[in-house]
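Chemist: heads up, no residue letters with this:
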Ligand code: SF4
């Protein structure tokens, strides 16, 4: 079986063709301009991971939104659960860049951290 997938590793967005996607041991990847596309496709079919960037509400600061991100990749299957958690965060200034906003979110071993200081 053949399927198509867009590589999201870089802005070029190669349209990958994956053959034998149902069996990783026989899987072949075509149309990738670099090896990262092949690795991406294999990971997507075995254990897809994502990084989340977002903003959260912050009160009593010079800005009312604080940019945050995961400090590593989380399993794609819990992506929306973590987005829901992030969407319900409300903080109070000051927060410093790289402060941990949520530690070990959903037991992933990954933290949600601030990517900017808001005083
Ligand atoms: S295959 Fe390589 S060049 Fe193409 S989108 Fe992926 S990372 Fe970029």
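Modeler: Happy to help now that I have it. Note that the structure is a prediction, hence the values are computed from the model and not measured.
Chemist: report all helices and strands that the lengthiest helix in the chain contacts.
Modeler: Taking DSSP state H as the criterion, the chain has its longest helix at helix 35-46. If you count contacts as 3 or more Cβ pairs under 8 Å, 6 or more residues apart in numbering; DSSP states H and E, helix 35-46 packs onto strand 15-19, strand 28-30. The way it works is simple: take the backbone N, C-alpha and C, and place the C-beta from them, glycine included.
Chemist: how far out from the middle of the chain is the helix or strand just after it?
Modeler: With elements assigned by DSSP states H and E, the helix or strand that comes after helix 35-46 is strand 49-50. With Cα atoms, centre = their mean, to the nearest Å as the basis, strand 49-50 stands 5 Å off its chain's centre.
Chemist: cool, and stretch 3-21?
Modeler: Distance, stretch centre to chain centre, for stretch 3-21: 17 Å (Cα atoms, centre = their mean).
Chemist: list the buried residues for it?
Modeler: Judged by neighbour count using 16 or more other Cβ atoms under 10 Å, the buried positions of stretch 3-21 are 5, 7, 14, 16, 17, 18, 21.
Chemist: and those, which two are the farthest apart?
Modeler: Spatially, the most separated pair among the buried residues of stretch 3-21 is 14 and 21, at 16.1 Å (Cβ to Cβ).
Chemist: restrict the buried residues of stretch 3-21 to those near the ligand?
Modeler: Residues shared between the buried residues of stretch 3-21 and the neighbourhood of the ligand are 7, 14 [Cβ under 6 Å from any ligand atom].
Chemist: export the buried residues of stretch 3-21 to a markdown table and tack on distance to residue 41 and pLDDT?
Modeler: What follows is those, written out as a markdown table (distance: Cβ to Cβ, whole Å; pLDDT from 0 to 100):
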| residue | distance to residue 41 | pLDDT |
| --- | --- | --- |
| 5 | 6 | 96 |
| 7 | 7 | 97 |
| 14 | 10 | 98 |
| 16 | 5 | 98 |
| 17 | 9 | 97 |
| 18 | 6 | 96 |
| 21 | 8 | 86 |
